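Colleague: Just the structure for this:
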Amino acid sequence: MTSTDPRPARPFGAVGTAMVTPFTEDGHEVDLDAAARLAAHLVEHGHDLIVVSGTTGESPTLTDREKLDLARAVRAAVGEDVRVVAGVGTYDTAHSVDLAREHARLGLDGLLVVTPYYSKPSQAGVIAHTTAIADATDLPVMLYDIPGRSGIPLAYETLLRLGEHERILAVKDAKADLQQATMVMAQTDLAYYSGEDGLNLPWLVIGAAGIVSVVGQVAGDLEKQLIQAVDTSDLGAAREAHRRLAPLVEAIMNRMPGAVAAKAALHLQGVLPHAAMRGPHVPADADQLHALAAALDAAGLR
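Modeller: I've put the predicted structure just below:
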């Protein structure tokens, strides 16, 4: 577990984005061609990890078939050096296991497994649920700890237990407990990925392997600069990148739902032909678009 290399182990790469899911303009169908183009665009702008069917990808609105088609299209669109991870976690263990097995046939690089939401099981239930998914395939697993959405956190003892599983390799953290994560990293081989864009720099400084971003949809090159600056112990450059990203984080993450803002920003950049959402999300309004455009312009990204 100990290494003289100051850089963290990166089982899922370093620069990741939870990719939005492009729809046709009426929102009725997933636009697979647009998804493939977007995935290729992300790779051109610094990404070595793409997560599909995450929260930002509006996964609760996707059918199982749409999730599989999306993962297949993205896998085909990016090179072998880019890791593709699919969200398969639900609040139903059997359904999650089925999704994991179906996705494992697509040549993906891993599975994202969110803590079961809404039903709020005990920590023993969380362990049983997650272990069942990890046991269902040979793919490595990234846990997703986001109590603000799931209703329950992954407890310290739970993380230690799950970290013993040979295929559970990482945690995408949107809980912001850096102290707990530091203790987990000291006791296990779990790699941490920042799941909260405003905390990317603190996470990287304490040893996170990388990020799984929302803002990265439009700022992947800048996030790559941030990670490289931390890797080379250039704190000044890391701070500069962090400060350049801050207005984008504010505009995309704090003024409207991240999925809405990310699609709107990609549309403003000309990467997506429109910003259609599926309910319950609605597209950004005129005021939100104005603020978003100003943030992109200030960062030189439009």
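Colleague: Which pLDDT does the model give Ser3?
Modeller: Looking at Ser3, its pLDDT stands at 45.
Colleague: Number the residues from 816 up from this point.
Modeller: I'll keep to 816 as the first residue from here, and by that count the last item is Ser818.
Colleague: Now do the strands in this protein.
Modeller: Under the criterion DSSP state E, the chain contains strands at 830-833, 864-867, 898-902, 925-929, 956-960, 983-988, 1006-1009, 1025-1028.
Colleague: what's the longest one packed up against?
Modeller: Helices and strands touching strand 983-988, as assessed by 3 or more C-beta pairs under 8 Å, 6 or more residues apart in numbering; DSSP states H and E, comprise strand 956-960, helix 993-1002, strand 1006-1009. All C-beta spots, glycine's among them, are computed from the backbone N, C-alpha and C.
Colleague: Next, find the distance separating Asp1112 from Ala1066.
Modeller: 11 Å (C-beta to C-beta, to the nearest Å).
Colleague: So between these two, which is more surrounded?
Modeller: The neighbour comparison of Asp1112 against Ala1066 (other C-beta atoms under 10 Å) goes to Ala1066, with 23 against 11.
Colleague: His1105 is in contact with that one, correct?
Modeller: No: the criterion here is C-beta atoms under 8 Å, and Ala1066 misses it with His1105 at 10.2 Å.
Colleague: Tell me how many other residues crowd Glu840.
Modeller: 11.
Colleague: per-residue confidence at it?
Modeller: 95.
Colleague: repeat for Glu895
Modeller: Value for Glu895, per-residue pLDDT: 88.
Colleague: returning to that earlier point: can I get the strands of the chain in JSON lines including mean pLDDT, mean neighbour count and distance to Lys882?
Modeller: Compiled in JSON lines, these are given as follows (pLDDT from 0 to 100; neighbours: other C-beta atoms under 10 Å; distance: least, C-beta to C-beta, whole Å):
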{"stretch": "strand 830-833", "mean pLDDT": "98", "mean neighbour count": "28", "distance to Lys882": "14"}
{"stretch": "strand 864-867", "mean pLDDT": "98", "mean neighbour count": "28", "distance to Lys882": "8"}
{"stretch": "strand 898-902", "mean pLDDT": "98", "mean neighbour count": "27", "distance to Lys882": "7"}
{"stretch": "strand 925-929", "mean pLDDT": "98", "mean neighbour count": "25", "distance to Lys882": "12"}
{"stretch": "strand 956-960", "mean pLDDT": "98", "mean neighbour count": "27", "distance to Lys882": "15"}
{"stretch": "strand 983-988", "mean pLDDT": "98", "mean neighbour count": "26", "distance to Lys882": "18"}
{"stretch": "strand 1006-1009", "mean pLDDT": "98", "mean neighbour count": "25", "distance to Lys882": "21"}
{"stretch": "strand 1025-1028", "mean pLDDT": "98", "mean neighbour count": "29", "distance to Lys882": "17"}
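Colleague: closest one to Glu840 among those strands?
Modeller: For the strands of the chain, the distance to Glu840 is smallest for strand 864-867, at 20.7 Å, taking C-beta to C-beta.
Colleague: Name every strand pairing with that closest one and say which way it goes.
Modeller: Here strand 864-867 is paired, per DSSP bridges, with strand 830-833 (parallel), strand 898-902 (parallel).
Colleague: who wins for proximity to Val941 among those?
Modeller: strand 898-902 (16.5 Å).
Colleague: roughly how far is that closest one from the heart of the chain?
Modeller: Computed by C-alpha atoms, centre = their mean, to the nearest Å, the chain-centroid distance of strand 898-902 equals 9 Å.
Colleague: got the angle between that strand and strand 983-988?
Modeller: Between the axes of strand 898-902 and strand 983-988, defined by axes from the mean of the first three to the mean of the last three C-alpha atoms, to 10 degrees, the angle is 70 degrees.
Colleague: Tell me how many other residues crowd Asp950.
Modeller: There are 12 residues near Asp950, going by other C-beta under 10 Å.
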